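*Asks:* A predicted structure for the sequence below; I have some questions about it.
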Amino acid sequence: MAGSDLSHTPAHRSRRRRPRVRAGLLAALLLPLASACGDTGGLAGAGATPTASGPVHLWPGRAGAVVPPADPGGAPPEYVTGIAPVLDQNVHGIDPVTLVQAELRAHPDSRTGPDGMPQETVAAIDECGADGADPKKCPVLTPYYRDLTGNGKDEMVVGIEYPDQQMSVRVYTADAEGRLNRIMATTDTVISVELAGRDVILRVPSGNAGYEVNTTWSYDETQRSMLPAWEQIVRVPGTSPGRSRTPAAPSPSPAGASR
């Protein structure tokens, strides 16, 4: 039909509206993306939080115990006598049995303190290295080495087995003059001994069933010795509050703890 306006037919009206529908749909899809672009990832408030409170000093008027100041000169060196000079501060060349035997000769009658030792242990150490002696029966254990003082040289960690699962743990360092200095000596009923970094950690049974005491010994530069710098009571691994196993009761230590 000549002169007829096909743009007004239904088909043409549908085709002309379709671009508007597509434009509206595209705008709806882009709106969340635009909102996401506006999110800078900043922190959002989580509501009110409890106010932190510091420790409260109870009985402030009470006169507390006084802690004596540390000796600014440090602990006097406990040099081991009766052994050859240590060359170049290299403690790897020291025989641990010879070392412990030299300490026994220097303190023959000690039964308490850092040099105290049960008589049966003394007798067993005297037999170490003798002809026909069983090396497995020697109470002096294989030593371990670690730089515990931070001087770039290894120290030697020696363990001595006592009866009733007690153990003496000793640490030695050598100075530039070739002298061997004992910087740690303690005796306890020991579960295990560990080295962690520059620390010696002793795990011992506590007085409470299912718990143990972990004592961390660290070198103190001012006192020039290893000190028990950190003590922690922890639950025995593998136990729960309802099922705690009873550790061995600590036995009285003949040597106690020193330094």
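*Replies:* Yes, it's here.
*Asks:* buried residues in stretch 151-161?
*Replies:* Using 16 or more other C-beta atoms under 10 Å as the test for burial, stretch 151-161 gives 153, 154, 155, 156, 157, 158, 159, 160, 161. Where C-beta positions appear, they are placed from N, C-alpha and C, glycine not excepted.
*Asks:* now swap in stretch 72-92 and tell me
*Replies:* 75, 78, 80, 83, 86, 89, 91.
*Asks:* over to stretch 230-241?
*Replies:* Along stretch 230-241, these residues count as buried under the neighbour rule (16+ other C-beta under 10 Å): residue 236.
*Asks:* go on, stretch 184-202?
*Replies:* In terms of neighbour count (16+ other C-beta under 10 Å), stretch 184-202 has its buried residues at 184-191, 193, 199-202.
*Asks:* out of the buried residues of stretch 72-92, which is nearest to residue 228?
*Replies:* Nearest to residue 228, judged by C-beta to C-beta, of those is residue 75 at 13.6 Å.
*Asks:* do I have it right that that closest one meets residue 226?
*Replies:* No: in this structure, residue 75 is not within contact of residue 226 by C-beta atoms under 8 Å, at 9.9 Å.
*Asks:* just the helices in the stretch 1-150 of the chain please.
*Replies:* Using DSSP state H, counting those that start in this stretch, the helices assigned to the stretch 1-150 of the chain run over residues 10-37, 96-106, 119-127.
*Asks:* other residues contacting the last one?
*Replies:* Pointing back at helix 119-127 there. 97, 100-101, 104, 111, 117, 133, 137-140, 160-163 (C-beta atoms under 8 Å, 6 or more residues apart in numbering).
*Asks:* so which two of those are the farthest from each other?
*Replies:* The span of these, defined through C-beta to C-beta, is set by 111 and 133 at 23.9 Å.
*Asks:* okay, strands next: where are they in the stretch 101-250 of the chain?
*Replies:* 144-146, 155-161, 166-174, 180-189, 192-196, 199-205, 211-220, 225-235 (DSSP state E, counting those that start in this stretch).
*Asks:* what's the closest of these to residue 49?
*Replies:* Comparison of the strands of the stretch 101-250 of the chain against residue 49 by C-beta to C-beta identifies strand 225-235 as nearest, at 29.0 Å.
*Asks:* chain center to the closest one, what's the gap?
*Replies:* On the basis of C-alpha atoms, centre = their mean, to the nearest Å, strand 225-235 sits 9 Å off its chain's mean C-alpha point.
*Asks:* show me what that strand is packed up against.
*Replies:* Where contact means 3 or more C-beta pairs under 8 Å, 6 or more residues apart in numbering; DSSP states H and E, strand 225-235 is packed against strand 180-189, strand 211-220.
*Asks:* tell me the most buried of those?
*Replies:* Counting by mean count of other C-beta atoms under 10 Å, strand 180-189 has the highest mean neighbour count of these, with a mean of 23.
*Asks:* ok and it relative to strand 199-205, angle-wise?
*Replies:* Strand 180-189 and strand 199-205 are oriented at 20 degrees to each other (axes from the mean of the first three to the mean of the last three C-alpha atoms, to 10 degrees).
*Asks:* for the closest residue to residue 222 other than its chain neighbours, give its distance to residue 185.
*Replies:* Among residues not flanking residue 222 along the chain, residue 74 sits closest, at 5.8 Å (C-beta to C-beta, 6 or more residues apart in numbering). According to C-beta to C-beta, to the nearest Å, residue 74 and residue 185 sit 16 Å apart.
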